[in-house]
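Chemist: Need coordinates for the below:
(4 chains)
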Protein chains: 2
Amino acid sequence: MTGSLQAELHQRKAFTSLHQEAHLNIVRTEAALGDDFEQMLKPYGISGTQFNVLRILRGAEPEGLCRNELRDRLVTRMPDVTRLLDRMEDLGLIVRTRDTSDRRLVSTGITKQGRRLVDDLDEVVQAEHQRSLGHLNKKQLATLIELLTLVRRTNL
Amino acid sequence: MTGSLQAELHQRKAFTSLHQEAHLNIVRTEAALGDDFEQMLKPYGISGTQFNVLRILRGAEPEGLCRNELRDRLVTRMPDVTRLLDRMEDLGLIVRTRDTSDRRLVSTGITKQGRRLVDDLDEVVQAEHQRSLGHLNKKQLATLIELLTLVRRTNL
DNA sequence: TGACATTAGGTGTTATAACACGCATCATTA
DNA sequence: TAATGATGCGTGTTATAACACCTAATGTCA
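Modeler: Numbers count the residues shown, from 1 in each chain, chains lettered A, B, ... in the order given. Below is the predicted model:
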């Protein structure tokens, strides 16, 4: 029962602890899922992070979000949001407008083109989720979510 | 019960599917764990991937490993192993020697200095694992590992 | 109001990841 | 053994991440 990951990584020795095995399982699984996800997005010319930004901005419509609020909503840490948005602006996926009441703020919104892209991607993404996680039943998914949430509980 | 991640990401809307929620939970948890892990390694001057390399090479002693075998054992995909090893060689953590029987192969081994570093890190890493996952009991860890292994099963 | 801290955001620079390609070595087979 | 293909590894180049620093705008309080 223990040792599947061990085999995947061609390891001879057992893990030194259950904690280590759990940690590596999380990292390994994310890597597998993440790589496939990026691969899926490649034909559409955006990265996983960029897709994430689009989804967040769509959810925030019709208002936009300022840079830091957007950064805080990203699933992964992203220290250089400015240039991430620069690229997306160049691609025509987002627009930035300087706030008039507080001129420090830059409101970022999704463009029609960006909106069309995420909308189109919805079904592709759902299909990918189905492919990568469809073999788990509802109870298994719920338990997995529950345990991962528990992990983050003392990690926040 | 559902919606912890939703709150973490300041989301207003619910997830569109259990699959999506599971996927994002995996990504988010890995990011949290990974960031802390990198932070822990920072004082020692190496990255998570570099630590991983050292651990693999220590496990392969006294022989070394050729580049591709090493790459296949890495937990995450790493397309540019050559320059990763270049940097580690510059740091004095590994040595590379051209195989004499098959001159295409470059055997990579860990140096005494590298070995000392991973050995020193063992307890630091265990402490970090304890901190990040110590609040889960054995059964929970086992279930988590089991479910993540199941996820990868149709993802390989 | 002026000095100071705080907040939001951008910039400069270096390090690393990603991708495509090239070269050398070895295996295979006519 | 010469030709062809496969394998292992390195290199060139571009894109992105990471880190520290800088500027402008706002808030605060003597």
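Chemist: So which helix or strand of chain A has the lowest pLDDT on average?
Modeler: Least confident element among the helices and strands of chain A, by mean pLDDT, DSSP states H and E: helix A:4-8 (a mean of 85).
Chemist: Do any residues in that one lie close to chain B?
Modeler: Yes. Helix A:4-8 reaches chain B (CB under 8 Å from any CB of the partner chain) through A:S4, A:L5, A:E8. Just so you know, the C-beta spots here come from the backbone N, C-alpha and C atoms, and that holds for glycine as well.
Chemist: Can you tell me the element the closest residue to A:R87 other than its chain neighbours falls in?
Modeler: Excluding its sequence neighbours, the residue lying closest to A:R87 (CB to CB, 6 or more residues apart in numbering or on different chains) is A:Q50, at 7.6 Å. Following DSSP states H and E, one finds A:Q50 within helix A:48-59.
Chemist: residues touching A:F37, list them.
Modeler: Contact analysis of A:F37 by CB atoms under 8 Å, 6 or more residues apart in numbering or on different chains lists A:G48, A:E128, B:H23.
Chemist: wait, which of those residues is closest to DNA strand C?
Modeler: Closest approach between these and DNA strand C, by CB to the nearest atom of the strand: A:G48, at 10.2 Å.
Chemist: hmm, back to that, want to throw the residues of helix A:4-8 next to chain B into a markdown table with neighbour count?
Modeler: Shown next, in a markdown table, are the residues of helix A:4-8 next to chain B (neighbours: other CB atoms under 10 Å in any protein chain shown):
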| residue | neighbour count |
| --- | --- |
| A:S4 | 18 |
| A:L5 | 21 |
| A:E8 | 18 |
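Chemist: Could you find the closest non-adjacent residue to A:T16?
Modeler: Nearest to A:T16 is B:Q126, by CB to CB, 6+ apart, at 7.4 Å.
Chemist: May I see the buried residues of the helix or strand harbouring the one you found?
Modeler: If you go by DSSP H and E, B:Q126 is part of helix B:112-133. Buried residues in helix B:112-133, counted by 16 or more other CB atoms under 10 Å in any protein chain shown: B:G114, B:R115, B:L117, B:V118, B:L121, B:V125, B:E128, B:H129, B:S132, B:L133.
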